[in-house]
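Visitor: Fold the following for me, if possible:
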Amino acid sequence: MHRKKILPIIITAALLCGCNDSSETVPAAAPVQEAVSVTEKITETLTVSETSASETSTVTETELSASSAVTEISEPSYDLSEEFYNELEEIIRKYPHFDYYDISLAYEDIDTGFTFMLDPDKHYFSASVMKAPYMLYIYRMALAGKADTGQKLTYSEEYKRSGTGTLQYEEFGTEWTVEELIGLCLEESDNSAFAMLRELYPEDGYKEFMISLGITHEDDAKASGQPQICCESALTISREIYDFIKEGNPYSERLEYHLTHSRNAMILGGENAEVIRKYGWYDGYFHDMAVILGNRDYCLTILTNLDMLEINTREYRLFGELSSLIAEYSDKLIINDASGNRSVITYERQEVKDMALPKDPYMLLSVLNMKLRDVYPSLEELCGDMEADMNDISAAMEKLGYEYNNAENQFIPIERSDEE
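Guide: The predicted model follows:
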C-alpha cells in the first residue's frame, strides 16, 4: 500500500540531500552561526549593492577582480544524510497512520540553521502546546517589570475547568502565586490555572508578543477560539524558548525546570540529552514541541491530526521512533552543494473514500467512523461499497467494546451495566 506513496518522498529527499562522495560531515562542535529566517531558510550570498557597483567604476582591473571574487562567497548549506531518508522511509512504511492522518515534523539545527520539514504546510488545532509560549510571554513581561510572579491569586469557581490539571480538585478560596500557576500550566497542562493567568494577562498582549516573534499566521498567535499551529510557527516558538533559557536571566531556570517536567513525554532525545518540551492532546490532536540540548542543540516538533483514533502505545512509539531517528542523525549533518539550507518533503494521505480498511482493530474503528461521518449514510452502504462483511466488521468492533449506532451512524462504546 505504501510503496507508491513513499517513492516520491525519497526522490524529493534525494534531490534535496545533494550528497556525494565529497560530502563532509559537520563536526559535533560546529561554530555557531547566525540563525537563518525560518520563512526563507536560504543561504545568503554576499552581493555588491548598486551604490557600491557605481563606486567601483574607477578602480583598477585587479581590484575589480578581487571584488568580484568576494561576491561569490556564500555560507555553506547542510542536509541530513541519505541513510536518514532511507530510515525515515522505513518508519513511514511501518505505520499506517501516514496513510490515514496528517503528520508533520519540523527539525532545526541551532548551530547551522539547517531545517528539515515533513508536510510543513498543514495547520492543526494547537491544544495545550500554546501554553508554552503564553507562559514565556508572562516571563518576558516579568523581565520587563510588567508582571510579578510572586503575586497571589485566589482560586474560585469561575476559574474551574475540566480536563487536564489538578487545580480543579482544590478548594475554592485557596491562594496561588503566578509562579505556581505557571508551573501547573507547563508541568500538568492545568486548564484552571491557565484560565486564571489569562484573565490576569489578557490575550491581546499575548497576540502582540507572538507577532513580535515573527509568527506569520494570524491563527497561530491566538490562545482561544480554535488556536492553530504549524511547523514553522512551532520552530519560531522553540527557538525563542531556547534563547530565553540560554540568556541565563532570573526566569531562565524556572522555565527550563517546568518544561523538563512536562507530562506525556513523546519526543525522545539522544543519550544524556535534556528534552525541554510541551505536549498538546485534545480529541485526537496529538503534538509534542521540544528543544533538545545534547551533543548538538536542536528544535523538534511533531504535530498530528490522529482525528478519531484512540491514542495508545502505538502512537507513543511513532513519536519515539521519529524523534530517535532525528537524535541519531542530528550530529551527522553533511555539507552539500545545494544553494539552500532547508529540506522539505511531502506525503499525501489517502482520501477518506479511497481508504482501505486496515487490519489493526483500533485503526479500523477510526477509519470506519471517518467513512461513516464523511462518505456513507449507513454501515450497510459502507460494507456494500467496500465488499466487506458487515457481521465480521461488527464482531471485530464488539471485541473492542464498540457497537454500531444507527441514529449517530457511528460506532460508539457499548454501555455496560454496573452488574457486568
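Visitor: Over to the closest residue in space to residue 264 that isn't next to it in sequence. Which of the three states is it?
Guide: Of all residues not flanking residue 264 in the chain, residue 279 sits nearest, at 4.6 Å (C-beta to C-beta, 6 or more residues apart in numbering). Glycine gets a C-beta too; all of them are placed from N, C-alpha and C. Three-state call for residue 279 (DSSP: H, G, I helix; E, B strand; the rest coil): strand.
Visitor: so what's residue 279 up against?
Guide: The contact partners of residue 279, taken as C-beta atoms under 8 Å, 6 or more residues apart in numbering, are 128, 129, 189, 262, 263, 264, 265, 266, 287, 288, 289.
Visitor: which intervals of the chain have sub-threshold pLDDT?
Guide: 1-74, 416-420 (pLDDT under 70).
Visitor: all strands of the stretch 301-420 of the chain, in order?
Guide: With DSSP state E, counting those that start in this stretch, the ranges of strands along the stretch 301-420 of the chain come out as 334-336, 342-345, 402-405, 410-413.
Visitor: Could you check how far the second one is from the centre of its chain?
Guide: Mean-position distance between strand 342-345 and its chain equals 15 Å (C-alpha atoms, centre = their mean, to the nearest Å).
Visitor: Mind listing the strands that strand pairs with, and their directions?
Guide: Neighbouring strands of strand 342-345 in its sheet, by DSSP bridges, are strand 115-118 (parallel).
Visitor: same thing with the shortest one?
Guide: Paired with strand 334-336 in the same sheet, following DSSP bridges, are strand 24-25 (antiparallel), strand 77-79 (antiparallel).
Visitor: how many neighbours does residue 374 have?
Guide: Using other C-beta atoms under 10 Å, residue 374 has 10 neighbouring residues.
Visitor: ok, the residue nearest to it when sequence neighbours are not counted - contacts?
Guide: Among residues not flanking residue 374 along the chain, residue 352 sits closest, at 4.8 Å (C-beta to C-beta, 6+ apart). With C-beta under 8 Å, 6+ apart as the criterion, the residues that contact residue 352 are 370, 371, 374, 375.
Visitor: At which residues are the helices of the stretch 1-150 of the chain located?
Guide: Under the criterion DSSP state H, counting those that start in this stretch, the stretch 1-150 of the chain contains helices at 3-17, 50-55, 61-71, 82-94, 97-100, 131-143.
Visitor: Would you confirm that residue 250 contacts residue 143?
Guide: Yes - with contact defined as C-beta atoms under 8 Å, residue 250 counts as touching residue 143 (7.4 Å).
Visitor: Compare the two (neighbour count), which wins?
Guide: residue 143 (15 against 11).
Visitor: residues contacting that one?
Guide: Applying C-beta under 8 Å, 6+ apart to residue 143 gives the contacts 249, 250, 251.
Visitor: Return the member of these nearest to residue 221.
Guide: Closest to residue 221 out of the contacts of residue 143 is residue 251 (21.8 Å), distances taken as C-beta to C-beta.
Visitor: Now do the closest one against residue 149, distance only.
Guide: Counting by C-beta to C-beta, to the nearest Å, the gap between residue 251 and residue 149 amounts to 7 Å.
Visitor: Between those two, which contacts overlap?
Guide: With C-beta under 8 Å, 6+ apart, residue 251 and residue 149 have common neighbours 139, 142.
Visitor: Of those two, which one has the most company?
Guide: residue 251 (20 against 17).
Visitor: Surely that one is in contact with residue 150?
Guide: No - with contacts counted by C-beta under 8 Å, residue 251 stays clear of residue 150, the gap being 11.9 Å.
Visitor: what do these two both touch?
Guide: When C-beta under 8 Å, 6+ apart defines a contact, no residue borders residue 251 and residue 150 alike.
Visitor: Return the residues in contact with residue 362.
Guide: With contact set as C-beta under 8 Å, 6+ apart, residue 362 has these partners: 309, 310, 312, 314, 400.
Visitor: Not counting residues beside it along the chain, what's closest to the third one?
Guide: The spatially closest residue to residue 312, leaving aside those adjacent along the chain, is residue 362, at 6.4 Å (C-beta to C-beta, 6+ apart).
Visitor: what's the distance between that neighbour and residue 369?
Guide: According to C-beta to C-beta, residue 362 stands 11 Å off from residue 369.
Visitor: Which residues are in contact with each of those two?
Guide: Residues touching both residue 362 and residue 369 (C-beta under 8 Å, 6+ apart): none.
Visitor: The most centrally placed residue in the chain: what's its closest spatial neighbour, skipping adjacent residues?
Guide: Computing the C-alpha centroid of the chain and ranking residues by C-alpha atoms, centre = their mean puts residue 301 first, at 3.0 Å. Spatial nearest neighbour of residue 301, excluding adjacent residues (C-beta to C-beta, 6+ apart): residue 234 at 3.8 Å.
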